[in-house]
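>>> generate a structure from the sequence data that follows.
(chains A and B)
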Amino acid sequence: MDITVNILLTIATAATPLLIAAIGELVVERSGVLNLGVEGMMIMGAVGGFGAGYLTGSPWIGLLAAIALGAVFSLLFAVMTLSLATNQVATGLSLTLLGLGLSGMMGTSFVGQPGARLPNLDIPGLTAMPVIGRLLFGQDPIFYISIALTAAVMWFLFKTRTGLTLRSIGDSHTSAHALGIKVIRYRYLAVIFGGACAGLAGGHLSLVYTPQWVENMTAGRGWIALALVVFASWRPWRVLAGAYIFGAVWIGQLHAQAFGIPVPSQLLSSLPYLATIVVLVLISRNKRLTMMNTPASLGQPFVPDR
Amino acid sequence: MSANQDDANLLEVRGLTKTFGTLTACDHVDLTVAKGEIHALLGENGAGKSTLVKMLFGTLEPNSGEIFWNGQAVTITNPGFAKKLGIGMVFQHFSLFEALTAAENIALSLDDGSPISTIAAKARALSYSYGLPLDPQSLVGDLSVGERQRIEIIRCLLQTPQLIILDEPTSVLTPQEADNLFETLERLRSEGKSILYISHRLEEVKRICDRATVLRHGKVVGHCNPRKETAASLARMMVGNDVQAVVRAPAQGIETAQPLLEIRGLSRKPATPFSIPLKNINLTVRAGEVIGIAGVAGNGQGEFFESVSGEVPQQDAASVRIRGKDAGGLSITGRRLMGAAFVPEERLGHGAAPRMKLSENLLLSRHATDGKVFVGAGGMVKSDAIYAAAQRIIKAMDVRKSAADPEAAALSGGNLQKFIVGRELDRRPSVMVVNQPTWGVDAGAAAHIRQTLIELARSGSAVLVISQDLDELFEISDAIAVMHNGELSKPLPIAEATFEKIGLLMGGAEPGHAEHALETS
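Down below sits the predicted model:
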């Protein structure tokens, strides 16, 4: 029983950074902007979070620093693509490259240092309950943030007027502009929100997952988050499902490798990707629904004529 | 003239000017709209009508000039401010969001924070009271163009505007839908609202408008009472000279002529959730005749053109036959090699590559059919021959341009269309399929294009024209078929066709039956 609980906990820890980064990117893409710099913003969050936590000794300050650094880094992307109307794909890719390089440089003195770890929740009486206690009341704070964030984004996008406006901009920025909606302002805020989420996801890696700094420690998670958004057809609950399927198969194959199952390890390592894609493609079979949820102006620069 | 409370003018515009680079789109335009009148803004495509109203609605900033609203000078900086003043706009190219419902679309343009359900109920009530029934829960992507326009109008009315600007509202409607719209406009006028009505359709302007302002090349060339003018005199004001009428000699012996384009049981599943399936389409176009296909936009014309041109090949090779041979499985190039030529609706991106020169665009479409002339040994392109051919087409079609061999995107819409049509005509094709031949083309050039299509047919080719412009189809066709919801009616010989018959078919009625959608209002 304890093993099962432990496995479930590791799955949640593996899924949380993917979920947060993907939810942030989902909001960005719903506004019609494609930011391929998730990996770069994430690694900046990771190095910033670790650094601030290590230097001040407080993982909470580290957490705030991770969010702030991700947001500031995304602002660079926003200025380039929204105010200067550069190509979003190229700018996003260079953001990732810049983030990977910059974080490596910033983190040289952090390598091998012990970091501060965010404490797990501990509610007297509840956390000690068998099985569900640790699952529901004993996880790290970012886990709870990730679930609340998913619900909040879902509510924001589909229940509020501002969310409707954001979706309308993603559907057609020219129509939105014609109605007098401030397209660029909305997109700035969406991109910065996405950056903050990516930073938080990076902070989870260096403050919870493995509380230390290793160069390139995001290891492609930003790209997985990007893929999740598309395969989940831009819908929050599907992103959550995708992140957890990925996390589950990831942890599962690690255990399988440890048991020495006679399957090539390369094949096992590819399983999480395969399983996530298959499941999300299967649940996205409804073409009409997918069409309705795909931001039609995704990736197109918007330059209003004046 | 200072602020004057007795002034009956709701809107007054003085010396409004807008330049884009070296082009002056609006040049010191003066305009007044009185309370409770329907005021027409007339002009050809590119005369500056749309630019003018965009400045009135705050989506464009004028370079100079003044706008007075109820006698007060105002600077309209954004659409939100225009709406606050009481200006509402129904756009020519709809500003709707396809992936959202009608109610959500309406909510987006209202500034109050009331819940969607309240807005939906209001919209439904208002739409029925004006005889424009609307289901607020329907997804815009699923709606016909006429229904989409209803949403635009209802959305505009919910803001209780004093002035409603309608930009080319009837260009996408069936004649019956247009009648319905005119009734709505007359009712709004009787409620004291003012309407600025943009159109290049003279008959309807004569019918409903109280005054007209005519624009030509960005300048006001006259104010008049359209009821006292004739269509010809209005056209002369718009164009600046008399428009050559299109001459169509009667076709001889068509019944026995060889069928050059045959479509047999053509069906196609919808490619996307918002596109129209084609249902068992049959049509024969014989040597020497022009067949027109009418229909409200978005009833499958685009899908039909793609299937006939080979942009999307068919499973059944016999469903499209060119000069007696199966062509259904062939690509565009394959069909071109059989003697067919195609002009798609979308000029930039479909008919021509925007950032490439005209000569390069010529090579792109004709490298296979004219390989011997344009491509030499070892696949080397013969630039001189291509350039000469491009200049020949430019001369034949009177294409006006700023450089010897400009990029396609540098040409105005009408001139680019002349080049694209000329590029295909230059091959003397035996089958010619054209989608919207004169959309956005000025009257003089449109007459030229129509005349060349008729002459091509009379010289022994089969010509198929898909158009939303009924006047155009009546001018050039020997028979007209109507496309509705992916089905094609039998072609009606031009002698038997009337606007009313075609209009009913466009609305989806079987010949001889009443149109029920109009009755519900």
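>>> model confidence for the residue of chain B found nearest chain A, exactly?
Per Cβ to the nearest Cβ, B:Pro79 is where chain B lies closest to chain A, at 3.2 Å. All C-beta atoms are positioned from the backbone trio N, CA, C, and that covers glycine. Per-residue confidence (pLDDT) for B:Pro79: 86.
>>> shaky segments in chain B?
Applying pLDDT under 70 to chain B picks out residues B:1-7, B:45, B:92-94, B:171-172, B:243, B:273-274, B:440, B:510-521.
>>> look up the closest residue to the spatially most central residue of it, ignoring the ones flanking it.
With distances taken as Cα atoms, centre = their mean, the residue of chain B nearest its centroid is B:Trp439 (4.8 Å). Using Cβ to Cβ, 6 or more residues apart in numbering or on different chains and skipping residues adjacent in sequence, the residue nearest B:Trp439 is B:Glu345, 6.9 Å away.
>>> which residues does residue 63 contact?
Just so you know, I chose chain A. Applying Cβ atoms under 8 Å, 6 or more residues apart in numbering or on different chains to A:Leu63 gives the contacts A:49, A:53, A:118, A:141-142, A:200, A:203, A:207.
>>> if you could check chain B rather than the one you did, that'd help
So B:Asn63 contacts B:17-19 (Cβ under 8 Å, 6+ apart).
>>> now the closest residue to A:Leu36 other than its chain neighbours: how far from chain B?
Computed as Cβ to Cβ, 6+ apart, the closest residue to A:Leu36 that is not its neighbour in sequence is A:Gly92, at 3.0 Å. Relative to chain B, A:Gly92 is positioned 24 Å away (Cβ to the nearest Cβ, to the nearest Å).
>>> for the strand or helix carrying A:Gly92, list the C-alpha coordinates in CSV.
For A:Gly92, the host element (DSSP states H and E) is helix A:88-106. Taking Å, rounded to 0.1, in the frame of the first residue of the first chain, the C-alpha atoms of helix A:88-106 are listed here in CSV:
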residue,chain,number,x,y,z
GLN,A,88,6.9,34.3,-33.4
VAL,A,89,8.5,30.9,-34.2
ALA,A,90,12.0,32.3,-34.6
THR,A,91,11.7,34.6,-31.6
GLY,A,92,10.4,31.8,-29.4
LEU,A,93,13.2,29.4,-30.5
SER,A,94,15.8,32.0,-29.8
LEU,A,95,14.3,32.7,-26.4
THR,A,96,14.8,29.0,-25.6
LEU,A,97,18.4,29.1,-26.8
LEU,A,98,19.1,32.3,-24.9
GLY,A,99,17.5,30.9,-21.7
LEU,A,100,19.5,27.7,-21.8
GLY,A,101,22.8,29.6,-22.3
LEU,A,102,22.0,32.4,-19.8
SER,A,103,20.9,30.1,-17.1
GLY,A,104,24.1,28.0,-17.5
MET,A,105,26.2,31.1,-17.0
MET,A,106,24.2,32.4,-14.1
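>>> helix or strand right after it?
Helix A:88-106 is succeeded, C-terminally, by helix A:132-137 (DSSP H and E).
>>> and for B:Leu261, the neighbour number?
B:Leu261: 25 surrounding residues under other Cβ atoms under 10 Å in any protein chain shown.
>>> swap in B:Ile38?
Using other Cβ under 10 Å: B:Ile38 sits among 24 other residues.
>>> that one and B:Lys193 touch, don't they?
No - with contact defined as Cβ atoms under 8 Å, B:Ile38 does not reach B:Lys193; the gap is 9.4 Å.
>>> spell out which parts of chain A neighbour chain B.
A:161, A:164-165, A:167-168, A:171-172, A:174-181, A:287-288, A:291-294, A:296, A:304-306 (Cβ under 8 Å from any Cβ of the partner chain).
>>> which ones among those are found in helices?
Residues of the residues of chain A next to chain B located in helices (DSSP state H): A:161, A:164-165, A:167-168, A:171, A:174-178, A:287-288, A:291-293.
>>> quick one: which of the residues you listed is most hemmed in?
Busiest of these [other Cβ under 10 Å] is A:Ser168, holding 30 neighbours.
>>> that one against A:Ala178, yeah?
No - counting by Cβ under 8 Å, A:Ser168 does not reach A:Ala178; the two are 11.1 Å apart.
>>> any shared contact partners between those two?
With Cβ under 8 Å, 6+ apart, A:Ser168 and A:Ala178 have no common neighbours.
>>> and the residue of chain A nearest chain B?
A:Gly180 (3.2 Å).
>>> burial count for the closest residue to that residue other than its chain neighbours?
Excluding the flanking residues, the one nearest A:Gly180 by Cβ to Cβ, 6+ apart is B:Pro79, at 3.2 Å. Neighbour count for B:Pro79, taken as other Cβ under 10 Å: 21.
>>> quick check, B:Arg264 in a helix?
No - counting by DSSP: H, G, I helix; E, B strand; the rest coil, B:Arg264 is not part of a helix but strand.
>>> any idea how far it is from B:Gln314?
10 Å (Cβ to Cβ, to the nearest Å).
>>> neighbour-wise, which of these two wins?
Between B:Arg264 and B:Gln314, B:Gln314 has the larger neighbour count (other Cβ under 10 Å), namely 21 against 16.
>>> contacts only, for the more buried one.
Counting by Cβ under 8 Å, 6+ apart, B:Gln314 has contacts B:266, B:268, B:307, B:320, B:328-329.
>>> 6 Å - rerun?
When contacts are counted by Cβ atoms under 6 Å, 6 or more residues apart in numbering or on different chains, B:Gln314 touches B:Gly328.
>>> SS state for it?
Assignment for B:Gln314 (three-state DSSP): coil.
>>> before we move on, what about A:Leu55?
helix.
>>> show the pLDDT at it.
Confidence score, pLDDT, at A:Leu55: 94.
>>> quick one on the thing from earlier: neighbour-wise, which one of the contacts of B:Asn63 leads?
B:Lys18 (22 neighbours).
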